[in-house]
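Visitor: Need a 3D model of the sequence below.
(one chain, ligands or ions: 1)
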Amino acid sequence: MLSKKIATNLERSSWIRAMFEEGEKLRAIHGSDKVFDFTLGNPDTEPPESIKETFKRLIVDDPPGIHRYMNNAGFADVRGAVAGHLQKESGAPLDAGHIVMTCGAAGGLNVVLKTILDPGDEVIVLAPYFVEYLFYIDNHGGEPVIVNTSPENFQPDLRELDKHISPRTRAIILNSPNNPSGVVYGEQVLKEMADLLTAKEKEHGITIYVLSDEPYNKLVYDSIEVPQVLKIFRNSFVINSFSKSLSLPGERIGYIAANPAMDYCNQLIDGLIFCNRILGFVNAPSTIQKVVAGSLGEPAPVDKYLEKRDILYNHLLNLGFTCIKPQGAFYLFPRALISDDEAFARAAQKHNILIVPGKGFGWPGYFRLAYCVSLKTVEDSLPAFEALAEEFRK
Ligand SMILES: Cc1ncc(COP(=O)(O)O)c(C=O)c1O
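Guide: This next block holds a predicted model:
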């Protein structure tokens, strides 16, 4: 018998399973090459050669001790390499002691939330959002408070944010480049947000932590720069992974960087390391830690995603869709051609197109397309989108 909580959460996310099953059904009937599955953020690109080479070398050399337990924070040399890399990028004075290696960004988010939340603490989530945040917050007794971004550009709306901060606010999760909108939050709005958070901290006598979830920070287009959260927010953690930038989601490798400027920073880091242990992660997988440490400067396959973004974005606009041009990540988030986004996703299925309704991201009336699929899938799908749009043309 399931716990009541899991039974409820399973029911709430049953649409994800339903969508997956529908895809399997369509593939069985029509063949995989006739089904255009844009549902998952699972990169179709292979990791860079340097990653594969290091992996092979480590397996052949098998350095003594590499398979043993280690410090729960991860290998010291790996954390030193990550800190050095991040210090160059952000200017923040990081060293190995500020880094905890984690099982992906998902593991990192759970570790930070476990470290800082008491039961009933509120965590602000900006919509549209990555749906798993709600479950991660719930995992650690927190309560999500949803704040909408500006509908015209999906940038944070500070007036809305102001209204939702309370004496129980403990954290805010930022995700930029954003899944699902592809928007990069601007430096100016983040600086103004920092001022607002500082004022609210003083007003309520609280600390509000910024959890910056950045797995797409290397996947940006058109010379966009992702603002450095560690420079903007004093009470901040960066949570990152190599799942998207190096196409390694199955390897479960990422990290947390704690801002050295935070009060009680050392205590917080002790808490992170302890929580990595007691959540059962114990430590991030060992061999892949060593692999990524040698490839921190490896560029993400931006050009490949850019080509797919442009083909789909231009095609959808020509068909009459409205959509913000993504500045990063590998998602498009267009407005559905009818207000009922679930009905629209069902209509798309009739054309063998699989998409995720916006309601799953707290933003009904829209849909998400993950274009981390093959170029062939993108090109072959174009007539199907045309037929779909035709169905709704007046
Ligand atoms: C916004 C966001 N955060 C976190 C994750 C989890 O990534 P990881 O594989 O690093 O755990 C994802 C995965 O899709 C994501 O889109």
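
Visitor: Quick one: residues contacting Leu382.
Guide: Ile311, His315 (C-beta atoms under 8 Å, 6 or more residues apart in numbering). The C-beta positions use only the backbone N, C-alpha and C, and glycine is treated the same way.

Visitor: what is the mean pLDDT for the host helix or strand of it?
Guide: Using DSSP states H and E, Leu382 falls within helix 375-391. For helix 375-391, mean pLDDT rounds to 97.

Visitor: quick one: buried residues of stretch 3-11?
Guide: Going by neighbour count (16 or more other C-beta atoms under 10 Å), the buried part of stretch 3-11 is Asn9.

Visitor: what does that stretch rub up against?
Guide: Contacts for stretch 3-11 (C-beta under 8 Å, 6+ apart): Leu2, Phe135, Asp138.

Visitor: filter those to the buried ones?
Guide: By neighbour count, with 16+ other C-beta under 10 Å, the contacts of stretch 3-11 hold Asp138 as buried.

Visitor: Tabulate the contacts of stretch 3-11 in CSV, adding columns for pLDDT and distance to the ligand.
Guide: Below are the contacts of stretch 3-11 laid out as CSV (pLDDT from 0 to 100; distance: C-beta to the nearest ligand atom, whole Å):
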residue, pLDDT, distance to the ligand
Leu2, 93, 24
Phe135, 96, 12
Asp138, 97, 16
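
Visitor: Can you flag which of the contacts of stretch 3-11 belong to helices?
Guide: The members of those that map onto helices under DSSP state H are Phe135, Asp138.

Visitor: Which single one of the contacts of stretch 3-11 is nearest to Gln228?
Guide: When these are ranked by distance to Gln228 (C-beta to C-beta), Phe135 comes first, at 28.5 Å.

Visitor: Could you name the specific helix or strand carrying the nearest residue in space to that closest one that is not next to it in sequence?
Guide: Computed as C-beta to C-beta, 6 or more residues apart in numbering, the closest residue to Phe135 that is not its neighbour in sequence is Asn9, at 6.1 Å. Element membership of Asn9 [criterion: DSSP H and E] is helix 4-12.

Visitor: That helix: how far from the chain's middle?
Guide: 23 Å (C-alpha atoms, centre = their mean, to the nearest Å).

Visitor: Check stretch 165-185 too.
Guide: 11 Å.

Visitor: Return the set of buried residues in the helix or strand where Ala347 lies.
Guide: In the assignment (DSSP H and E), Ala347 maps to helix 341-349. Neighbour-count burial for helix 341-349, with 16+ other C-beta under 10 Å as criterion, is recorded at Asp341, Phe344, Ala345, Ala347, Ala348, Gln349.

Visitor: Can I get that helix in PDB, CA atoms only?
Guide: Output in PDB follows, covering the C-alpha atoms of helix 341-349 (Å, rounded to 0.1, in the frame of the first residue of the first chain):
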ATOM      1  CA  ASP A 341      -3.500  23.100 -23.800                       C
ATOM      2  CA  GLU A 342      -4.300  19.500 -22.900                       C
ATOM      3  CA  ALA A 343      -6.900  19.300 -25.800                       C
ATOM      4  CA  PHE A 344      -4.200  20.900 -28.000                       C
ATOM      5  CA  ALA A 345      -1.600  18.300 -27.000                       C
ATOM      6  CA  ARG A 346      -4.200  15.600 -27.800                       C
ATOM      7  CA  ALA A 347      -4.900  17.100 -31.200                       C
ATOM      8  CA  ALA A 348      -1.100  17.200 -31.800                       C
ATOM      9  CA  GLN A 349      -0.900  13.400 -31.100                       C
END
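
Visitor: ok, the helix or strand just after that helix: who's next to it in the sheet?
Guide: Per DSSP H and E, helix 341-349 leads on to strand 353-354 as the next helix or strand towards the C-terminus. Next to strand 353-354 in the sheet, as set by DSSP bridges, lie strand 36-37 (parallel).

Visitor: For the partner strand, give me every contacting residue.
Guide: By C-beta under 8 Å, 6+ apart, the list of residues contacting strand 36-37 from outside reads Gly23, Arg27, Asn352, Ile353, Leu354, Val373, Thr377, Asp380, Ser381, Ala384.

Visitor: these two touch, right, the fourth one and Asp380?
Guide: No - using C-beta atoms under 8 Å, Ile353 is not in contact with Asp380, being 10.8 Å away.

Visitor: So those two - more neighbours on which side?
Guide: Of the pair Ile353 and Asp380, Ile353 is the one with more neighbours under other C-beta atoms under 10 Å, namely 22 against 15.

Visitor: so which helix or strand takes in Val147?
Guide: In the assignment (DSSP H and E), Val147 maps to strand 143-148.

Visitor: do Asn153 as well
Guide: Using DSSP H and E, Asn153 sits within no helix or strand.

Visitor: again, but for Ala105
Guide: Going by DSSP H and E, Ala105 is part of helix 104-116.

Visitor: repeat for Leu369
Guide: If you go by DSSP H and E, Leu369 is part of strand 367-370.

Visitor: which helices and strands does that strand pack with?
Guide: strand 331-332, helix 341-349, strand 356-357 (3 or more C-beta pairs under 8 Å, 6 or more residues apart in numbering; DSSP states H and E).

Visitor: Select, out of the ones you listed, the one closest to the ligand.
Guide: Distance to the ligand, taken as C-beta to the nearest ligand atom, is lowest for strand 331-332 among the helices and strands packed on strand 367-370, at 8.5 Å.

Visitor: next one: the closest one to chain centre, how far?
Guide: Relative to the chain's own centre, strand 331-332 is displaced by 13 Å; criterion: C-alpha atoms, centre = their mean.

Visitor: Any residue of that strand touching the ligand?
Guide: No - with C-beta under 6 Å from any ligand atom as the criterion, the ligand is not reached by strand 331-332; the gap is at least 8.5 Å.
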